[in-house]
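[1] Any chance you can model this:
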Amino acid sequence: MEMLVAMALGLVVLGAAVQLYTQGVNATWSVSQRAEMQQDFRAAADMLTRDLSLAGSGLGNNVQIALPAGTGTLPVYGCSQTACYLNGTGAAYPTQGAQPYLYGLMPGWKFGPVLNGAAGPTDTVTVVYTDASFYLSCYSVKITSATTARFTVPTILPANCVLPSNLTAPQAVNDPVVGLTPGDVAWFSLTNGVGAGATSSPVIAEVTGVGSLSGTGSNQYYDVTFAANDALQMNQPAAAGGDLANVLNWTGSATRILVITYYIDNTINPPRLMRQVSGHQPMPVAENVAFLQFSYDLYDSATGSAVTNQADGGASQGLTPSQITKINILHMAMASTLHGVTGYQGLDLQTSVSARNLTFQNNYPQ
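    Numbers count the residues shown, from 1 in each chain. This is a model prediction of the structure:
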């Protein structure tokens with residue numbers, strides 16, 4: 001009898017201990033999972049908000065650069081050299097009439113996949129700014145053919161070439177770390193003629209090939225190719241304007257710009273937030289992304305009034321992306337891998353980011 005009582009009490013104590021142990025393990029798993037998710041979420045949020053805050057940086061006020069038009073093919077973004085990623089396709093640049101333009105920020109209202117039928121399609125967002133780490137503007141440029149630009153190594157640094165203290169010369173155009181590679185996008189500032197009769201024009205093109213250093217002495221140069229039929233459809237020699245073919249023998253300088261698109265990839269499980277730069281392969285930013293949605297505040301210079309919370313970036317109001325003053329991140333939601341079972345957790349970023357490099361008027365109504 002004593003043994004039976006002892007065994008019964010022992011089983012009760014053991015059962016309680018097992019229950020406590022199980023709860024402790026579950027709590028540890030939930031806490032560690034939440035800590036990992038918070039770390040991923042923080043890294044993704046920091047990267048997204050940093051890029052949004054840099055939209056238009058280095059491109060000048062009211063950036064609105066005309067792209068090649070009139071060929072029946074519009075330039076696109078959201079593609080690499082091998083594939084396109086915005087629901088399996090590329091997004092055409094915003095147009096005014098039939099003319100496409102590159103802006104410092106381009107909303108992608110409902111350009112993304114549907115993750116939740118009730119919530120509808122997700123959004124994408126694309127920002128453009130100059131690459132401050134590569135001093136390509138230190139080279140003088142001449143357009144030598146419809147598909148080639150020659151970058152001459154400077155013997156005397158031009159006034160616009162300001163190097164950090166650790167560099168005595170700009171990096172090589174074909175530098176394996178920071179140099180140009182196929183898929184990069186270059187922004188040319190070119191001039192034809194001199195004095196009052198000179199003509200200037202900006203041109204944007206996609207790099208398709210980079211040559212090695214050629215020439216001798218003070219005549220060293222790199223030939224960079226911008227061949228037609230590029231992945232981003234930027235290089236269109238048959239276009240009436242906006243292409244290198246229209247500025248043969250013009251001279252000037254060039255800067256690499258970064259065309260950065262954030263989108264959700266649901267072709268893998270769990271869905272990922274991706275960051276795709278110019279014509280390069282996208283890189284994952286965070287897993288377990290459940291939703292992505294934006295709206296935009298704009299300043300209407302014609303009426304002197306603010307237009308707020310526009311999901312389409314103001315297109316329905318007849319406004320352009322160059323009038324955006326603020327990006328509202330309505331949802332950047334992440335869910336844990338335990339979705340549907342005990343321990344499910346989620347985080348949702350909701351904030352706003354100013355875009356002071358975009359607007360031509362520094363006017364932010366209350």
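[2] Now do the strands in the stretch 51-200 of the chain.
    Here the stretch 51-200 of the chain has its strands, by DSSP state E, counting those that start in this stretch, at 64-66, 76-77, 91-92, 95-96, 99-103, 105-108, 114-116, 120-121, 124-130, 140-145, 148-152, 185-192, 199-206.
[3] Buried residues, the fifth one. List them.
    Right, the one you point to is strand 99-103. In terms of neighbour count (16 or more other C-beta atoms under 10 Å), strand 99-103 has its buried residues at 100-103. Yep, even glycine has a C-beta here, placed from its N, CA and C like the rest.
[4] Turn these into JSON lines, including distance to T82 and pLDDT.
    Listed next are the buried residues of strand 99-103 as JSON lines, based on distance: C-beta to C-beta, whole Å; pLDDT from 0 to 100:
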{"residue": "P100", "distance to T82": "23", "pLDDT": "94"}
{"residue": "Y101", "distance to T82": "27", "pLDDT": "94"}
{"residue": "L102", "distance to T82": "23", "pLDDT": "95"}
{"residue": "Y103", "distance to T82": "26", "pLDDT": "93"}
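[5] and of the residues you listed, the nearest to S137?
    Nearest to S137 among the buried residues of strand 99-103 is L102, at 17.8 Å by C-beta to C-beta.
[6] mind listing what the closest one touches?
    63-65, 67, 93, 128, 204, 259 (C-beta atoms under 8 Å, 6 or more residues apart in numbering).
[7] what's the farthest-apart pair in those residues?
    Q64 and V259 (14.9 Å).
[8] Which residue of the two possesses the greater neighbour count?
    The neighbour comparison of Q64 against V259 (other C-beta atoms under 10 Å) goes to V259, with 24 against 16.
[9] Wasn't the more buried one part of a helix?
    No: looking at V259 with DSSP: H, G, I helix; E, B strand; the rest coil, it is strand, so not inside a helix.
[10] shouldn't it be in contact with C79?
    No: using C-beta atoms under 8 Å, V259 is not in contact with C79; the gap is 10.3 Å.
[11] Below-threshold pLDDT in the stretch 251-366 of the chain: ranges please.
    For the stretch 251-366 of the chain, the stretches flagged by pLDDT under 70 are 337-344, 359-366.
[12] ok, now with 50
    Along the stretch 251-366 of the chain, segments meeting pLDDT under 50 span 365-366.
[13] Can you list the neighbours in contact with stretch 130-140?
    Contacts of stretch 130-140 (C-beta under 8 Å, 6+ apart): 57-59, 151-154, 157-158, 160-161, 163, 167, 169-171, 173, 175, 178-180, 186-187, 222, 251-258.
[14] swap the cut-off to 7 Å and go again
    Applying C-beta atoms under 7 Å, 6 or more residues apart in numbering, the set of residues contacting stretch 130-140 from outside is 57-59, 151-154, 157-158, 160-161, 163, 170-171, 173, 178, 251, 253-258.
[15] Centre of the chain to it, how far?
    Offset of stretch 130-140 from its chain centre (C-alpha atoms, centre = their mean, to the nearest Å): 18 Å.
[16] V128 touches P94, doesn't it?
    No: the pair V128 / P94 is not scored as a contact, 11.8 Å apart, by C-beta atoms under 7 Å.
[17] Pull up the overlap in contacts between these two.
    Y103.
[18] Between those two, tell me which one has more neighbours.
    The residue with more neighbours, out of V128 and P94, is V128; 30 against 19, by other C-beta under 10 Å.
[19] what pLDDT does that one get?
    What the model reports for V128 is a pLDDT of 96.
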